[in-house]
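J.: have a look at this fold, sequence not included:
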Ligand SMILES: [Fe+2]
Ligand SMILES: [Fe+2]
């Protein structure tokens, strides 16, 4: 069985997406903590997709990957604008998803999950839940050189591998 991923490929080649991700990459060059580039986004996508199967949500793979690829794009401008990155990500994602062929309904579902990924995602279900959870589980705290300076609570850190 092959799942259609054309629209996800449109995101990774989208001009605005590439510009935003390049800005994030450049801003984080000297960052000692976890970064938010394509590698992080794909870790989140793949973990979220595994969780989606395990939980029996049956969310379309394109929807999960689109949400994961776009969830942190707001970091490109959050410092300069003083706005929260998940809120900015929702705005940018909405525009990019429209350009990449996602329907109004899909756009709303993805943006809703992105808007929750840093806030109430733990208490949600479906896409919002797997995005929130995968975002946290994607971090290799057990192998982190900056752990003594990280703001994550000890109890929230990943001490082993789940996915
Ligand atoms: Fe984030
Ligand atoms: Fe993230």
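T.: Arrived safely. Quick caveat, the model's predicted, so the values are computed rather than measured. Residues are numbered from 1 along each chain as shown. Ligands and ions are numbered 1, 2, ... in the order given.
J.: around ligand 2, which positions in the protein sit nearby?
T.: 72, 135 (Cβ under 5 Å from the ion). Using the backbone N, CA and C atoms, a C-beta is placed for each residue, glycine as well.
J.: mean confidence for the longest helix along the chain?
T.: Using DSSP state H, we find that the single longest helix of the chain is helix 38-55. Helix 38-55 carries an average pLDDT of 98.
J.: ok, then the element right after that helix?
T.: helix 61-70 (DSSP states H and E).
J.: tell me which other helices or strands that next one touches.
T.: On a contact count with 3 or more Cβ pairs under 8 Å, 6 or more residues apart in numbering; DSSP states H and E, helix 61-70 meets helix 6-13, helix 38-55, helix 85-99, helix 104-116, helix 126-137.
J.: ranking those helices by burial, who's on top?
T.: With neighbours taken as mean count of other Cβ atoms under 10 Å, the helices and strands packed on helix 61-70 reach their highest mean count in helix 126-137, at a mean of 23.
J.: and that one, what does it pack onto?
T.: Looks like helix 126-137 contacts helix 38-55, helix 61-70, helix 104-116 (3+ Cβ pairs under 8 Å, 6+ apart).
J.: reformat those as TSV; add distance to residue 162.
T.: Below are those laid out as TSV (distance: least, Cβ to Cβ, whole Å):
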stretch	distance to residue 162
helix 38-55	8
helix 61-70	16
helix 104-116	20
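J.: can you report how many residues neighbour the residue lying closest to residue 37 once chain neighbours are set aside?
T.: Leaving out its chain neighbours, the residue that sits closest to residue 37 by Cβ to Cβ, 6 or more residues apart in numbering is residue 25, at 5.2 Å. Number of residues near residue 25 (other Cβ atoms under 10 Å) recorded here: 14.
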